[in-house]
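A.B. asks: Next comes the sequence, and after it the predicted model I'd like to discuss.
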Amino acid sequence: MTTCLLVILMGIFSINLFAQNSLYIPLNIQRAYKDSTRSMDGKPGKNYWQNTSNYKIFASVNPKTRELKGTEVIIYHNNSPKDLNQLVMRNYQDYYKKGVTRDFDINPKSLTDGVKINRLIINDEEIDLNPKETDIRRSGTLMFVPLPSPLAKGKSVVLELSWSFIIPNKSMQRMGAYDSTSFFVAYWYPQVSVFDDIDGWDRHTYGGQVEFYNDFSNYDVNITVPKNFVVWATGVLQNPEDIFNENILKKYTEARTSEKIIHVITEEDLNGKNITEPDDNTYHFTAEDVTDFTFCMSNHYLWDLTSVVVDNKTGRRTVVGSAYKKESENFKMVDQIAKDAIDYFSNKMPAVPYPYPEMTVFNGAGGMESPMMVNEGEAGSKAGTVGVTSHEIAHTYFPFYMGINETKYAFMDEGWATFLPTDFQANYVENNDPLRRTVIGYQSFAGKETEMPMIIPSSHLRGTTYRTSAYVRPGTAYNILRNMLGEKRFLTGLHAYMKRWHGKHPIPYDFFFSFNNALGENLNWFWKPWFFEFGYPDLSIKDVKVDGDYANIIIKKVGAIPIPVYITTYSGDDKEVTVEKQADVWKSGKSEIIVKVKVTNPITKVKLGNEHIPDAVQSNNTYKLK
């Protein structure tokens, strides 16, 4: 009877422990597991699918009027198991349209008529765009396009469009005209929204705060601009010999295999006003298997270019460039910073070779990423320049290499872009502590009633609530996870996740379950409080009992978030002993632990924590002995 009872009790304990550590899974995501598009071991399911497009675009920009005109042919491939009766299209520049709801107030002078769709042809059938004669509907930045006949599974549809809009020059949300002849152009072409196995069509309208979710597609883009305008873009320029004069072409060609910084366009070149060959220039770019396409242009920017080996096994290089106005002093170091950051990401963290052939950092404003491109303002200091440059380039991996849905899961990209360059930034600039800034940002907001669990879709969050959930809480969590697992095991989990979901659309559960599976360890005890639950980090010193040469220090876990235990004992004013325990000391679910510390002198004080461990309540971190 005793043995039987013990077995029963052990079974009950195991069930309760599993229940405590199980992760909540919403019904729409449960359906994906039922349909085998995803699997509980973190791998894509046997029935996983995703749709894709081929874009062929011809565009021109008139700098005087800021008008962009374009035509495009989209071949959209339906790889889903469903027939589609409509397409959902994105016209992001409708963000500036009068009457559209936005997350932020904008300058009234930025208001426009949005995107003017002048022509739409579907499978050679021209569609009447008169709103009284068509079922096409536009709402926010979305356009719902009924198909003349259903798009069967496994088939493709061909769309032809012509459109135009005015590039903003006042309230410039992530893109715009930064002076009369310098533009960063993003979210600029009619684009098919994502249709996936989780939500079907992505119907989130763009309001300015949360970011983007795109399919992997192929791009063939021609951009026409006036003489002496240089265009930098996603992808690889196909016709440099048709564009640049002999002097610029020679430097451009040399830089593509050089380890040195080559000044492709100098002040002397600009003063000579002889950069390009024809009166008008059509730049031809191609990019394969990327989630978006952006470009920038100017007729008075300096251009630095170099290259770096990103894969030591194959010798593959990435060409790294920066384009900037001469007044931006700190931008003169950006090309070297970008090169060094790409080398760091390729070999140290995440230790995955930079996946693309190009990277250009453009001197626009703020900090915003797109495939192979960064839009970045003058930071004002070396530390700031290193910070924003490396952060935006880190986005190459999340959300571009991985296809993250930033609209719903910002912690899956912004959190990683906060964490990945931490060591690079700290080592690149003296007296620079980015991890400390991340921890301060998190603990100063942790536990407030407006802090939300990270698993809540980012589209539901605003302001500091959003930034905490997207940047500093996940950035802190990933660092604690790395320290707890150790560098080698952490990279084992991360590489498994990245290899499985490169070029696909992972959701948070794919990340959690990939780590669990790759490491052979159930980390749900960590994922659940950090990502799913309300709570805050708070440890306290409950008691200190000295027994001969040892001090037994009782640490209480007051808050729900598991964090490392860092203890420093003092003898008088001198530090005596420092002990650190990683966050997995709380793995069993207990709320108290005893840390035994050997001391050689009578201790007068014990202090808990350090500047790299978040603790929302500091008043209970010091214990003074009588």
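C.D. replies: Yep, it's here. Numbering: from 1, shown residues only.

A.B. asks: okay, CA-based contacts and neighbour counts for the rest of this
C.D. replies: Noted.

A.B. asks: and the closest residue to Asp202 other than its chain neighbours, how many neighbours does it have?
C.D. replies: In space, Asp202 comes closest to Val194 once its chain neighbours are excluded; the distance is 5.5 Å by Cα to Cα, 6 or more residues apart in numbering. By the measure other Cα atoms under 10 Å, the count of residues near Val194 is 23.

A.B. asks: can you check Met452 too?
C.D. replies: A count of nearby residues for Met452, using other Cα under 10 Å, gives 23.

A.B. asks: sec struct for it, please.
C.D. replies: coil (DSSP: H, G, I helix; E, B strand; the rest coil).

A.B. asks: so it touches Thr465, yeah?
C.D. replies: Yes. Met452 is within contact range of Thr465, at 6.7 Å (criterion: Cα atoms under 8 Å).

A.B. asks: Low-confidence ranges, this structure, go.
C.D. replies: Along the chain, segments meeting pLDDT under 70 span 1-21, 131-133, 573.

A.B. asks: Tell me which residue lies nearest the centroid of it.
C.D. replies: The residue lying closest to the centre of the chain (Cα atoms, centre = their mean) is Asp413, at 3.1 Å.

A.B. asks: In space, what's closest to that residue - neighbours in sequence excluded?
C.D. replies: Phe398 (4.7 Å).

A.B. asks: Ok, Asn347 next?
C.D. replies: Among residues not flanking Asn347 along the chain, Pro353 sits closest, at 6.9 Å (Cα to Cα, 6+ apart).

A.B. asks: again, but for Phe295
C.D. replies: Among residues not flanking Phe295 along the chain, Ala233 sits closest, at 4.0 Å (Cα to Cα, 6+ apart).

A.B. asks: Likewise for Lys528?
C.D. replies: Nearest residue to Lys528, sequence neighbours excluded (Cα to Cα, 6+ apart): Leu23, at 6.3 Å.

A.B. asks: can you tell me which residues contact the one you found?
C.D. replies: Counting by Cα atoms under 8 Å, 6 or more residues apart in numbering, Leu23 makes contact with 524, 528, 532.

A.B. asks: what's the closest of those to Asp199?
C.D. replies: Closest approach between the contacts of Leu23 and Asp199, by Cα to Cα: Phe532, at 20.1 Å.

A.B. asks: And the closest one, how far from Thr407?
C.D. replies: 18 Å (Cα to Cα, to the nearest Å).

A.B. asks: In contact with Val194, which residues are there?
C.D. replies: By Cα under 8 Å, 6+ apart, the contact set of Val194 is 51, 200-202, 213-215.

A.B. asks: In strands only, show me these.
C.D. replies: Under the assignment DSSP state E, the contacts of Val194 contribute 200-201 to strands.

A.B. asks: Just the buried subset of the contacts of Val194, please.
C.D. replies: Using 16 or more other Cα atoms under 10 Å as the burial test, the contacts of Val194 include 51, 201-202, 213-215 as buried.

A.B. asks: which one among those gets closest to Val158?
C.D. replies: Asn51 (14.0 Å).

A.B. asks: Would you map the strands across the stretch 101-250 of the chain?
C.D. replies: Along the stretch 101-250 of the chain, counting by DSSP state E, counting those that start in this stretch, strands occupy 116-122, 125-126, 137-139, 142-151, 156-166, 176-179, 182-185, 191-192, 195-196, 200-201, 217-226, 230-233, 236-237.

A.B. asks: Reformat those strands as a markdown table; add distance to Asp615.
C.D. replies: Formatted as a markdown table, those follow (distance: least, Cα to Cα, whole Å):
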| stretch | distance to Asp615 |
| --- | --- |
| strand 116-122 | 52 |
| strand 125-126 | 62 |
| strand 137-139 | 44 |
| strand 142-151 | 43 |
| strand 156-166 | 48 |
| strand 176-179 | 41 |
| strand 182-185 | 41 |
| strand 191-192 | 44 |
| strand 195-196 | 39 |
| strand 200-201 | 40 |
| strand 217-226 | 44 |
| strand 230-233 | 44 |
| strand 236-237 | 47 |
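
A.B. asks: Just tell me which of these ends up closest to Ser322.
C.D. replies: Shortest distance between Ser322 and the strands of the stretch 101-250 of the chain, using Cα to Cα, is found for strand 230-233: 9.5 Å.

A.B. asks: can you give me the offset of that closest one from its chain's centre?
C.D. replies: Relative to the centre of its chain, strand 230-233 is centred 23 Å away, using Cα atoms, centre = their mean, to the nearest Å.

A.B. asks: what helices or strands is it leaning on?
C.D. replies: If you count contacts as 3 or more Cα pairs under 8 Å, 6 or more residues apart in numbering; DSSP states H and E, strand 230-233 packs onto strand 295-298.

A.B. asks: Give me the residues contacting the strand it packs on.
C.D. replies: Here strand 295-298 makes contact (Cα under 8 Å, 6+ apart) with 181-186, 229-234, 362, 373.

A.B. asks: swap the cut-off to 6 Å and go again
C.D. replies: By Cα atoms under 6 Å, 6 or more residues apart in numbering, the surrounding residues in contact with strand 295-298 are 181-185, 229-233.

A.B. asks: now do stretch 317-330
C.D. replies: Against stretch 317-330 from outside (Cα under 6 Å, 6+ apart): 256, 301-310, 335, 357-363.

A.B. asks: Can you give me the buried ones in it?
C.D. replies: Residues of stretch 317-330 classed as buried by neighbour count (16+ other Cα under 10 Å): 317-325, 330.

A.B. asks: do stretch 549-561 as well
C.D. replies: For stretch 549-561, burial by neighbour count (16+ other Cα under 10 Å) applies to 551-561.

A.B. asks: And the nearest residue to Trp527 once chain neighbours are set aside, which helix or strand is it part of?
C.D. replies: The spatially closest residue to Trp527, leaving aside those adjacent along the chain, is Phe512, at 7.1 Å (Cα to Cα, 6+ apart). Using DSSP states H and E, Phe512 sits within helix 508-519.

A.B. asks: okay, the contacts of Val194 in CSV with distance to Arg174 next?
C.D. replies: Below are these laid out as CSV (distance: Cα to Cα, whole Å):
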residue, distance to Arg174
Asn51, 27
Gly200, 27
Trp201, 24
Asp202, 21
Tyr213, 15
Asn214, 17
Asp215, 20
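
A.B. asks: now, among the contacts of Val194, which is nearest to Leu494?
C.D. replies: If you rank these by distance to Leu494 using Cα to Cα, Tyr213 comes first, at 21.5 Å.

A.B. asks: For Arg203, see how far away the residue nearest to Asp202 is.
C.D. replies: Going from Val194 to Arg203 by Cα to Cα gives 9 Å.

A.B. asks: Ser469 too?
C.D. replies: 22 Å.

A.B. asks: When those two are compared, which one has more neighbours?
C.D. replies: Using other Cα under 10 Å as the criterion, Ser469 and Arg203 rank with Ser469 on top: 28 against 18.

A.B. asks: Now for the more buried one: which residues touch it?
C.D. replies: Met454.

A.B. asks: Surely it is within a strand?
C.D. replies: No. Counting by three-state DSSP, Ser469 is located in no strand; its state is helix.

A.B. asks: for the helix holding Phe512, packing partners?
C.D. replies: Helix 508-519 makes packing contacts with helix 487-501 when contacts are defined by 3 or more Cα pairs under 6 Å, 6 or more residues apart in numbering; DSSP states H and E.

A.B. asks: now the helix it packs on and helix 508-519, what's the angle there?
C.D. replies: Interaxial angle, helix 487-501 versus helix 508-519 (axes from the mean of the first three to the mean of the last three Cα atoms, to 10 degrees): 130 degrees.

A.B. asks: so what does helix 487-501 touch, helix or strand wise?
C.D. replies: Helix 487-501 is packed against helix 508-519, with contacts defined by 3+ Cα pairs under 6 Å, 6+ apart.

A.B. asks: could I get stretch 449-457 in CSV with only the CA atoms?
C.D. replies: The C-alpha coordinates for stretch 449-457 follow below in CSV (Å, rounded to 0.1, in the frame of the first residue of the first chain):
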residue,chain,number,x,y,z
GLU,A,449,-0.5,48.3,-14.0
THR,A,450,0.0,49.3,-17.6
GLU,A,451,2.8,46.7,-18.1
MET,A,452,1.5,43.8,-20.2
PRO,A,453,2.8,40.3,-20.7
MET,A,454,4.8,40.0,-23.9
ILE,A,455,2.6,37.4,-25.5
ILE,A,456,-0.2,40.0,-25.8
PRO,A,457,-0.2,41.1,-29.5
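
A.B. asks: Kind regards, and thank you for your time.
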